[in-house]
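Novice: Provided below are the primary sequence and the corresponding predicted coordinates.
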Amino acid sequence: MIYRSKAPLRIGLAGGGTDVSPYSDLYGGAILNATISLNAYATIEPAEGHTITLETNDRNEKQEYALLESLPLDGKLDLLKGVYNCITRDHGKINKGFKLSTFVDAPAGSGLGTSSTLVVAIIGAFAEMMRLPLGEYDIAHYAFEVERKYLNLAGGKQDQYAATFGGVNFMEFYGDDKVIVNPLRIKQQYLFELENNLVLYYTSTSRESARIIEQQSANVVSKQEASIEAMHQLKQQSQMMKEALLKGKLNEFGEILDYGYQQKRKMAAGISNPLMEEIYETAKSSGATGGKISGAGGGGFMIFYCPGTTKYNVIKSLQKFGGVHRNYAFVEHGLKTWTI
């Protein structure tokens, strides 16, 4: 038997950063996101003997360990080991060797939720193998617990829920790690138009989101008014974006994105930088009406709303920066698991 899973990456459309504690605990957060046709994959293949083999095919890393109940966290494939350690702690030891292989369709640190989506996929593969009775909320929260509490990696909550549920969702975040996922019923032609007009551009730079997020959290703790007010405005932006998308007012989409872009830069240092500012202004001068930095910021993917046929001119104008325009489609599915 071979146990497989895949979970989709996401584009954050509005409200980014308001899912991060302590802001979400104190004020409540709200985010609008959508999953896309880029995925994280996990495969578990049972093996003879008592050896665990961990392999990331996109990063060409491989480690082998004796079959222990807990693997050492030493900076080598810790996401994979963190899931394994928590699964054996909470759901019982695994008595036979296996090989866990993973692959992600986008680079780490690119702003599409790669790390959290990979954790969701790995949990899904173990749940498939061990027949664990975990629902969508269970898996998403479990992924959050593994990443944020067991591995102590700074970040928010949206990625785990987007990867598990899939589709276009308006998510609400509250204290005590409470999350409510509201799937949106959007007319197909509105999604087609959004997909047609939204350019996904990889700047060919990555960043360590944890440092930016740690500063963002520190700004809330120290009551930095400008940072907190920016988060309030981003939360309001998610409401504006939700209404525009549900009603098909896509002509407002770029302006709402631009409003959020201006606010997000105030949340923490490092979210933007001179290169990203130049890319953003070049896209706008070429026909985009707005855009955003995906994820925590500092690098990775950016998105731009390009009405009419302006996306072709925008894509052409961005070539000089050495980045890559990435094709994608919106997908409705979340985490999927299967056995062969």
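Specialist: Yep, it's here.

Novice: Quickly list the domain ranges of this protein.
Specialist: Using automatic domain parsing, the domains assigned to the chain come out as 3-185+331-339, 188-325.

Novice: Could you tell me the end-to-end distance of the first one?
Specialist: Counting by C-alpha to C-alpha, to the nearest Å, the length from the leading to the trailing residue of domain 3-185+331-339 is 5 Å.

Novice: what's the answer for the last one, then?
Specialist: One end of domain 188-325 to the other measures 24 Å (C-alpha to C-alpha).

Novice: Mean pLDDT lowest where, among the domains of the chain?
Specialist: Averaged per stretch, pLDDT over the domains of the chain is lowest on domain 188-325, reaching a mean of 86.

Novice: Quick one: the domains of the chain as a markdown table, columns for mean neighbour count too.
Specialist: (Glycine included, C-beta is placed from N, CA and C.) Formatted as a markdown table, those follow (neighbours: other C-beta atoms under 10 Å):
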| stretch | mean neighbour count |
| --- | --- |
| domain 3-185+331-339 | 20 |
| domain 188-325 | 19 |
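
Novice: any idea whether the closest residue to Leu73 other than its chain neighbours is helix, strand or coil?
Specialist: Sequence neighbours aside, Lys81 is the residue nearest to Leu73 in space, at 6.1 Å (criterion: C-beta to C-beta, 6 or more residues apart in numbering). Of the three states, Lys81 takes helix under DSSP: H, G, I helix; E, B strand; the rest coil.

Novice: Hmm, Glu69 and Lys81 touching each other?
Specialist: No - Lys81 is beyond contact range of Glu69, at 11.8 Å (criterion: C-beta atoms under 8 Å).

Novice: tell me the contacts of Ile36?
Specialist: Counting by C-beta atoms under 8 Å, 6 or more residues apart in numbering, Ile36 touches Pro8, Leu9, Arg10, Ile11, Leu112, Leu200, Tyr328, Ala329, Phe330, Val331.

Novice: Apply 6 Å and report the result again.
Specialist: Taking C-beta atoms under 6 Å, 6 or more residues apart in numbering, we find Ile36 in contact with Leu9, Ile11, Tyr328, Phe330.

Novice: in the sheet, who's paired with it?
Specialist: Ile36 forms beta bridges with Phe330, as assigned by DSSP bridges.

Novice: Next, find the distance separating it from Lys178.
Specialist: 26 Å (C-beta to C-beta, to the nearest Å).
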